[in-house]
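In: model the following, please.
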Amino acid sequence: MVNATTDADSLTRGEVARTLLWSVVVISAVSNMAASLGGADTWVHFLCGIVTVLCGGALAVRSLRGRR
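Out: Modelled structure (predicted):
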């Protein structure tokens, strides 16, 4: 007996992308907080902030496109 996966059981590419984007947002925000507490250089804060903003923007665009 073979277990066939249905469409409802499989993940879509959109769900995987959304999960990865949220993961990167959380990791970069936590990294920025750790850099603040650790007294890191300004470029570290800038890099973490840019990554957070880009991923947040990508999540916003995906959300807005999904409503149409």
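In: what ranges do the helices span in the protein?
Out: Listed in chain order, the helices of the chain (DSSP state H) span 13-38, 42-66.
In: want to throw these into CSV with mean pLDDT and mean neighbour count?
Out: Bear in mind the C-beta positions are built from the backbone N, C-alpha and C, glycine included. Shown next, in CSV, are the helices of the chain (pLDDT from 0 to 100; neighbours: other C-beta atoms under 10 Å):
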stretch, mean pLDDT, mean neighbour count
helix 13-38, 92, 13
helix 42-66, 92, 13
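In: ok, S31 touching C48?
Out: Yes. In this structure, S31 is within contact of C48 by C-beta atoms under 8 Å, at 4.9 Å.
In: give me the most central residue, this structure.
Out: L21 (1.8 Å; C-alpha atoms, centre = their mean).
In: show me what contacts it?
Out: L21 makes contact with 55, 58-59, 62, according to C-beta atoms under 8 Å, 6 or more residues apart in numbering.
In: and the pLDDT at N3?
Out: Note for N3: predicted pLDDT of 59.
In: I'd like the numbering to begin with 13 instead of 1 from here.
Out: Yep, numbering from 13; the last one is N15 now.
In: on that earlier part again, now flag whichever of the contacts of L33 is closest to G26.
Out: Nearest to G26 among these, counting by C-beta to C-beta, is R74 at 7.3 Å.
In: check contacts around that closest one.
Out: Neighbouring residues of R74 by C-beta under 8 Å, 6+ apart: 26, 29-30, 33.
In: from T31, how far out is it?
Out: Distance, R74 to T31, using C-beta to C-beta, to the nearest Å: 12 Å.
In: swap in G78?
Out: The value you get for G78 to T31, if C-beta to C-beta is used, is 15 Å.
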